[in-house]
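J.: show me the folded form of this:
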Amino acid sequence: MDATDWIDPYPDDALEQLRKAFDEAPLGNGRYYALFDMGFLPSLRDELPSLGLGSTVVTLYEGTYEGEDLMQISPCLMQLPELAEQRDAVCSALLQRTNGRPMFSMLRPTTYRLAELASHLRRQLEARTEDGEAFLVRFADTRCLPVWTNVLTAAQRARFFAGIDAWWFFDRKGALVPVEALASVQSDGQAHESTIAEEKPYQVDASQLEPLKLAAKVDTLIFHIRQRPESFGQFTASPSRVHECVSAAMAGELPSPAAASRVALQALEAAGLLAEV
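T.: Residues are numbered from 1 along each chain as shown. Have a look, this model is predicted:
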């Protein structure tokens, strides 16, 4: 497991998977957009205009939050070329730069253009718990995207996916997959117009918050373990295998919240996924 690998590497046919997804997508407006979580590779932000053959890059936090540090890690949105040959070239370059990082997904809106899609996504950035605690929704992180969309209520999903008819991302195993929750909105045939302009933070109850907290805890534990190989050992398996192991261990009832690290380490050692360095 490479120190920079957060998810499994893209397969050799990753570009072909993208081509197939684009070819089979709903008609929409014929435009595709790439969404990036820059927290995993802030330097990519300055490279995107050239990688995108001059495409405009929109920083989602801009105009909403302040601080240069935040701008460096802000999710960014960029339209992909409409010509298939140019789109292939751009996607090939993006696959090389984002390999092993959960930061690259593709969207196809029904009518939105770049500025309109950016405005829509900005309205989805904030959520609040029943206790009034506010947090940012990291839907550009492809580890978070399926967890977040799966906990949303039907009405919340209609709001989140309003105006979007296709969204793909590379999962933890490096496979290109659609966002499953989007299909439920499309099959329900819910009216998007009533939810497009909603700007209030999402209200998340305890049952929705629990899976979000667990998912974050698993990834945080894995991060801390791999940052200290001299203390815990070095991972010997793929990121997805490590995640499966820790997730299974954390799914059960823990003796106490403080026992999480110990339980995760014991599970990894028992599975032979850690080696001394």
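
J.: which residues of the stretch 151-277 of the chain fall in strands?
T.: Using DSSP state E, counting those that start in this stretch, the strands of the stretch 151-277 of the chain run over 164-170, 176-178, 202-204, 234-235, 274-275.

J.: quick one: those as JSON lines, columns for distance to S50, mean pLDDT and mean neighbour count too.
T.: To be clear about C-beta, it is placed using only N, CA and C from the backbone, and glycine gets the same treatment. Putting the strands of the stretch 151-277 of the chain into JSON lines (distance: least, C-beta to C-beta, whole Å; pLDDT from 0 to 100; neighbours: other C-beta atoms under 10 Å) gives the following:
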{"stretch": "strand 164-170", "distance to S50": "23", "mean pLDDT": "95", "mean neighbour count": "23"}
{"stretch": "strand 176-178", "distance to S50": "24", "mean pLDDT": "97", "mean neighbour count": "16"}
{"stretch": "strand 202-204", "distance to S50": "35", "mean pLDDT": "97", "mean neighbour count": "18"}
{"stretch": "strand 234-235", "distance to S50": "34", "mean pLDDT": "94", "mean neighbour count": "18"}
{"stretch": "strand 274-275", "distance to S50": "40", "mean pLDDT": "94", "mean neighbour count": "17"}
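
J.: alpha carbons only: can I get the helix-or-strand element of the chain with minimal mean pLDDT in PDB?
T.: In the chain, the helix or strand scored least confidently by mean pLDDT, DSSP states H and E is helix 180-188, which has a mean of 83. Included here for helix 180-188 are C-alpha records, laid out as PDB according to Å, rounded to 0.1, in the frame of the first residue of the first chain:
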ATOM      1  CA  GLU A 180     -26.600   4.600  -6.600                       C
ATOM      2  CA  ALA A 181     -28.800   7.000  -4.700                       C
ATOM      3  CA  LEU A 182     -29.400   9.100  -7.900                       C
ATOM      4  CA  ALA A 183     -31.300   6.200  -9.500                       C
ATOM      5  CA  SER A 184     -33.900   6.300  -6.700                       C
ATOM      6  CA  VAL A 185     -34.600  10.000  -7.400                       C
ATOM      7  CA  GLN A 186     -35.000   9.300 -11.100                       C
ATOM      8  CA  SER A 187     -37.200   6.300 -10.500                       C
ATOM      9  CA  ASP A 188     -39.400   8.200  -8.100                       C
END
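
J.: and it, what does it pack against?
T.: For helix 180-188, the helices and strands in contact under the criterion 3 or more C-beta pairs under 8 Å, 6 or more residues apart in numbering; DSSP states H and E are helix 144-151, helix 154-160, strand 164-170.

J.: quick one: which of these is nearest K217?
T.: For K217, the closest of the helices and strands packed on helix 180-188 is helix 144-151, at 11.8 Å, according to C-beta to C-beta.

J.: so which elements touch that closest one?
T.: Using 3+ C-beta pairs under 8 Å, 6+ apart: helix 144-151 touches helix 180-188, helix 206-227.

J.: can I get the helices and strands packed on helix 180-188 in JSON lines including distance to A258?
T.: Formatted as JSON lines, the helices and strands packed on helix 180-188 follow (distance: least, C-beta to C-beta, whole Å):
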{"stretch": "helix 144-151", "distance to A258": "24"}
{"stretch": "helix 154-160", "distance to A258": "33"}
{"stretch": "strand 164-170", "distance to A258": "34"}
